[in-house]
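S.K.: No letters, just coordinates:
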């Protein structure tokens with residue numbers, strides 16, 4: 001800066017308060033979807049599908065970051081798998097109850 005010389009340095013990048021990251025809704029859909037097939041079944045599968053579907057709609061409209069797209073999609077898929085597993089388990093349980101009630105138990 002001596003002798004009136006000013007270096008031609010670009011300004012520092014502006015820091016944004018908004019970071020481009022996956023939204024909380026997309027992560028919530030993923031977590032509920034992961035829980036669905038393994039322990040919570042239909043109780044977390046339905047919310048996973050609903051939240052994931054809503055978040056994917058926001059992403060497609062440009063209201064949310066694209067980084068959450070995979071999380072939301074995984075939540076929808078895993079939630080649907082959990083719902084199917086729960087329904088299959090319920091049908092098997094129901095068939096076992098019906099079979100036990102109609103069995104001849106006279107010995």
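M.R.: Arrived safely. All values derive from a computational prediction rather than experimental measurement. Residues are numbered from 1 along each chain as shown.
S.K.: In this structure, where is pLDDT below threshold?
M.R.: Low-confidence segments of the chain, defined by pLDDT under 70: 1-7, 11-19, 106-107.
S.K.: Please enumerate the helices of it.
M.R.: For the chain, applying DSSP state H gives helices covering 24-35, 42-61, 69-102.
S.K.: Show me what the second one is packed against.
M.R.: The one in question is helix 42-61. Applying 3 or more C-beta pairs under 8 Å, 6 or more residues apart in numbering; DSSP states H and E, we find helix 42-61 packed against helix 24-35, helix 69-102. Using the backbone N, CA and C atoms, a C-beta is placed for each residue, glycine as well.
S.K.: mind listing what the nearest residue to residue 87 once chain neighbours are set aside touches?
M.R.: Nearest in space to residue 87, with sequence neighbours left out and distances taken as C-beta to C-beta, 6 or more residues apart in numbering, is residue 42 at 7.5 Å. Residue 42 makes contacts with 36, 82, 83, 86, 87, as judged by C-beta atoms under 8 Å, 6 or more residues apart in numbering.
S.K.: Surely residue 33 is in contact with residue 46?
M.R.: No: look at residue 33 against residue 46 with C-beta atoms under 8 Å: they stay out of range, at 10.7 Å.
S.K.: Counting neighbours, go ahead and name the busier of those two.
M.R.: Neighbour count, other C-beta atoms under 10 Å: between residue 33 and residue 46, residue 33 has more, with 28 against 17.
S.K.: Return the residues in contact with the closest residue to the more buried one other than its chain neighbours.
M.R.: Leaving aside its chain neighbours, residue 33 sits nearest to residue 78 (3.2 Å; criterion: C-beta to C-beta, 6+ apart). By C-beta under 8 Å, 6+ apart, the contact list for residue 78 reads 30, 33, 34, 36, 37, 45, 48.
S.K.: Please repeat the previous calculation with a cut-off of 7 Å.
M.R.: 33, 34, 36, 37, 48 (C-beta atoms under 7 Å, 6 or more residues apart in numbering).
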